[in-house]
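**Student:** this one's structure only:
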């Protein structure tokens, strides 16, 4: 079992991980829960096969109650959080209770928000079972749910006390979820750590045959990119906004498609749009633009026609107009705040010291049209890249 | 217009107040909102007469949207908070939006939690219109709603940017709401600042004829008692738990009666119970116990029969077993954590450095029976104490 310390909201949180280490992770969780009257294990129906051994092992040390959710972006609501907290209280939860979130990013968010709200904050443990959760979303104290008007508009900050991941859990996820994690890693490489580009490409290449080594590498890319920012900007309101790269049009595509375009796919399209806008505005050069297409091309996206091609432009525009980065900087109603790149690994810093630039809405929409319209399937889909599904570790 | 600085979550928050100062307060609020795209005024239908001039004055400077709630403890839910945040987003709220909570403690809590959750925290202004809100609940960063299982089980910490109160707003509140504020002030005197006992009694005596002077005095007692604790323990998890005095059985009475016994009345009964338990366990002496009855007697409580006399004991016991102070200290299932007094103004400090003591549930229940059963109307109700309703300033 390996261990890293991650700075989250000013405290060093242990991240324990490895391959086939569930038993050791359960031991660490039981140690943490020695002062708890109850562990509330919030989990996703899809990962029952991994959650059962955890619940069984924990139950030897502490009372365990399991709340199972049907994961899915459209169920990431305050109502579901209310169901979780009501269930917790019925099960006798107190201030000493530990909430363990076992699943992907959605489970981490709803359980994380529930833990943040119960008694105004009780202990939280993340047990990520998807790449996006393991490499990216657990490395944050931001917890949020969606409102009718947009993604992640309602939430709080709540740091976990422990993160623990058996990389074995990640090897059975469907391609769409795998893609999500990989798209965030592509974002990290393009926006923050371009020196890790070859490591990323190598990991992508090894995923099918040597998934253990590849997943360890990907986790390392995630931690390397995020760790310094989490230390200096734990609430991700200033320099850490760089991790919103690709997330402006990305979130709009994901939201308007009601999740048909998954998060990773949406972010991948969003990065191509952001790169093209960066280029149009005289920042990113052609070479770095081509690099975007090369890196994103490794992600094996569905073709545009199956992706954002058919979405309602007016709804996308309306969601962009409510983007949750609005308000970090003065932004006219016909502008949308975006992270843009000067070059790979270097953001355009706006007037207000944060990496956000107000982009004219018409420009954002026309570039979106161009990118989605122009992107030939051949550019974005590489047949036989070996990522279709993962083998076993 | 007067001004105090109150330390809330580590920042000095201006508290502006006075009599007939609405126009100046609106000016201060407009100054704060100069960077806001929207002020969301959350208010209680009962205070429309005070809210309308505020909304009208503010609308000259900034876009204003009004969300009116029917106040009431039973509507202090996460669902109502969801309605508020959904409304805010439909109105175009962004990170720069200001939420203004105008009403009593319930409005402050639901609007405060909504402000804490929108975009993970946007600016909040408190415009308290009841004594409990003005003298007590705005002097806290705790925001919470109730769950089916108990009061204030779900919430977060969120500090206001400004507190502003025209004491004129307080003079039209019904006696029940006035009582609530006065009970918390009685608590402050008994548990924290016994030297202010005569000031409290004088203010109570002047309320009918000189309400302006009396309300200024009461506000001062609230600030004097709480300010040092808010500075050293802003999240009220250690020494500031003293302000939970009377709140253990008090909350249970309020919750089980579904608000028929209002907060102030419940806290008053709760203090008599806590004092009797303190005495039974060898702490508080007879003189200080009598002082409790004297001070609480000034509050003109309804007689026991109209109060907690008829409530279901089993339900009270069940609510006590889930009290939200549980978990601050090891507490057996048949014990309930309570603030007890050594003498007036001095808490019993438990083994864990916080002012909570595990009290056997059977003792708490039998003292509750005794206090409620034994308290003759004559002890608790002083006819003609002049508090029945307030005159005009």
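**Tutor:** Sure thing, it's come through. These figures come from a predicted structure and were not determined experimentally.
**Student:** For the stretch 251-393 of chain A, just list every one of the helices.
**Tutor:** A:263-280, A:286-297, A:313-321, A:361-374, A:377-380 (DSSP state H, counting those that start in this stretch).
**Student:** near chain B, which residues of the stretch 151-300 of chain A show up?
**Tutor:** Contacts of the stretch 151-300 of chain A with chain B, taken as C-beta under 8 Å from any C-beta of the partner chain, map to A:153, A:154, A:155, A:156, A:157, A:235. Every C-beta, even on glycine, is put in place using the N, C-alpha and C of the backbone.
**Student:** hey, which of the helices of the stretch 251-393 of chain A is tucked in deepest?
**Tutor:** Highest mean neighbour count among the helices of the stretch 251-393 of chain A (mean count of other C-beta atoms under 10 Å in any protein chain shown): helix A:263-280, with a mean of 27.
**Student:** Now that one: average pLDDT?
**Tutor:** Mean per-residue pLDDT for helix A:263-280: 95.
**Student:** mind checking how far it is from the chain centre?
**Tutor:** Chain-centre distance of helix A:263-280: 16 Å, with C-alpha atoms, centre = their mean, to the nearest Å.
**Student:** now do stretch A:12-30
**Tutor:** For stretch A:12-30, the separation from the chain centroid amounts to 21 Å (computed by C-alpha atoms, centre = their mean).
**Student:** Just the terminal-to-terminal distance for that stretch.
**Tutor:** Start-to-end span of stretch A:12-30 (C-alpha to C-alpha, to the nearest Å) is 19 Å.
**Student:** So residue A:4: helix, strand or coil?
**Tutor:** Classification of residue A:4 using DSSP: H, G, I helix; E, B strand; the rest coil returns strand.
**Student:** List the beta-bridge partners for it.
**Tutor:** Assessed by DSSP bridges, residue A:4 has beta-bridge partners residue A:15.
**Student:** Distance-wise, check it relative to residue A:219.
**Tutor:** 9 Å (C-beta to C-beta, to the nearest Å).
**Student:** Can you pick out the residue with more neighbours from these two?
**Tutor:** Shown here are residue A:4 and residue A:219; by other C-beta atoms under 10 Å in any protein chain shown, residue A:219 has more neighbours (26 against 15).
**Student:** Grab the nearest non-local neighbour of the more buried one.
**Tutor:** If the residues on either side of it in the chain are set aside, residue A:219 comes closest to residue A:135, at 5.5 Å by C-beta to C-beta, 6 or more residues apart in numbering or on different chains.
**Student:** what secondary structure does the one you found sit in?
**Tutor:** helix.
**Student:** Now do the buried residues in stretch A:50-59.
**Tutor:** A:50, A:51, A:54, A:55, A:57, A:58 (16 or more other C-beta atoms under 10 Å in any protein chain shown).
**Student:** and of those, the nearest to chain B?
**Tutor:** For the buried residues of stretch A:50-59, the closest approach to chain B (C-beta to the nearest C-beta) belongs to residue A:58, at 19.0 Å.
**Student:** Mind telling me what element that closest one is part of?
**Tutor:** helix A:48-59 (DSSP states H and E).
**Student:** Could you check how far residue A:226 is from chain B?
**Tutor:** 18 Å (C-beta to the nearest C-beta, to the nearest Å).
**Student:** tell me the contacts of that residue?
**Tutor:** A:136, A:139, A:140, A:188, A:240, A:243 (C-beta atoms under 8 Å, 6 or more residues apart in numbering or on different chains).
**Student:** so it sits in a helix?
**Tutor:** Yes: looking at residue A:226 with three-state DSSP, it is inside a helix.
**Student:** Burial check on whatever residue of the stretch 51-200 of chain A ends up closest to chain B, number of neighbours?
**Tutor:** Nearest to chain B, among the residues of the stretch 51-200 of chain A, is residue A:95, at 2.6 Å (C-beta to the nearest C-beta). Other residues near residue A:95 come to 19 when the count uses other C-beta under 10 Å.
**Student:** Please, where are all the strands along the stretch 151-300 of chain A?
**Tutor:** In the stretch 151-300 of chain A, the segments counted as strands under DSSP state E, counting those that start in this stretch are A:162-166.
**Student:** Flag the shaky bits of it, pLDDT-wise.
**Tutor:** A:176 (pLDDT under 70).
**Student:** Go ahead and flag the most central residue of chain A.
**Tutor:** residue A:137 (4.1 Å; C-alpha atoms, centre = their mean).
**Student:** What pLDDT is listed against that residue?
**Tutor:** If you check residue A:137, the pLDDT there is 92.
**Student:** Help me confirm that it comes into contact with residue A:106.
**Tutor:** No: using C-beta atoms under 8 Å, residue A:137 is not in contact with residue A:106, being 9.1 Å away.
**Student:** packing partners for the helix holding residue A:58?
**Tutor:** Judged by 3 or more C-beta pairs under 8 Å, 6 or more residues apart in numbering or on different chains; DSSP states H and E, helix A:48-59 is in contact with helix A:22-32, strand A:39-44, strand A:64-69, strand A:98-103.
**Student:** Now neighbour count too, for the residues of the stretch 151-300 of chain A next to chain B, in TSV please.
**Tutor:** Listed next are those as TSV, based on neighbours: other C-beta atoms under 10 Å in any protein chain shown:
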residue	neighbour count
A:153	24
A:154	28
A:155	27
A:156	24
A:157	20
A:235	14
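**Student:** quick check, nearest of the contacts of residue A:226 to residue B:203?
**Tutor:** residue A:140 (49.3 Å; C-beta to C-beta).
**Student:** what's around the closest one, how many residues?
**Tutor:** Residue A:140 is flanked by 25 other residues according to other C-beta under 10 Å.
**Student:** For it, which non-adjacent residue is closest in space?
**Tutor:** Distance criterion C-beta to C-beta, 6+ apart; nearest residue to residue A:140, sequence neighbours excluded, is residue A:236 at 6.7 Å.
**Student:** count of neighbours near the one you found?
**Tutor:** Using other C-beta under 10 Å, the number of residues around residue A:236 comes to 19.
**Student:** What about it? Give its phi and psi, please.
**Tutor:** Main-chain torsions, residue A:236, degrees, to the nearest 10: phi 50, psi 50.
**Student:** Contacts only, for it.
**Tutor:** Contacts of residue A:236 by C-beta under 8 Å, 6+ apart are A:140, A:142, A:229, A:243.
**Student:** One more: residue A:252?
**Tutor:** Contacts of residue A:252 by C-beta under 8 Å, 6+ apart are A:316, A:319, A:320, A:323.
**Student:** Tabulate the residues you listed in TSV, adding columns for distance to residue A:180.
**Tutor:** Formatted as TSV, those follow (distance: C-beta to C-beta, whole Å):
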residue	distance to residue A:180
A:316	20
A:319	19
A:320	21
A:323	20
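**Student:** List just the nearest of these to residue A:13.
**Tutor:** Distances from residue A:13 to those, taken by C-beta to C-beta, are shortest for residue A:323, at 29.3 Å.
**Student:** quick one: the closest one from chain B, how far?
**Tutor:** For residue A:323, the distance to chain B - C-beta to the nearest C-beta - is 9 Å.
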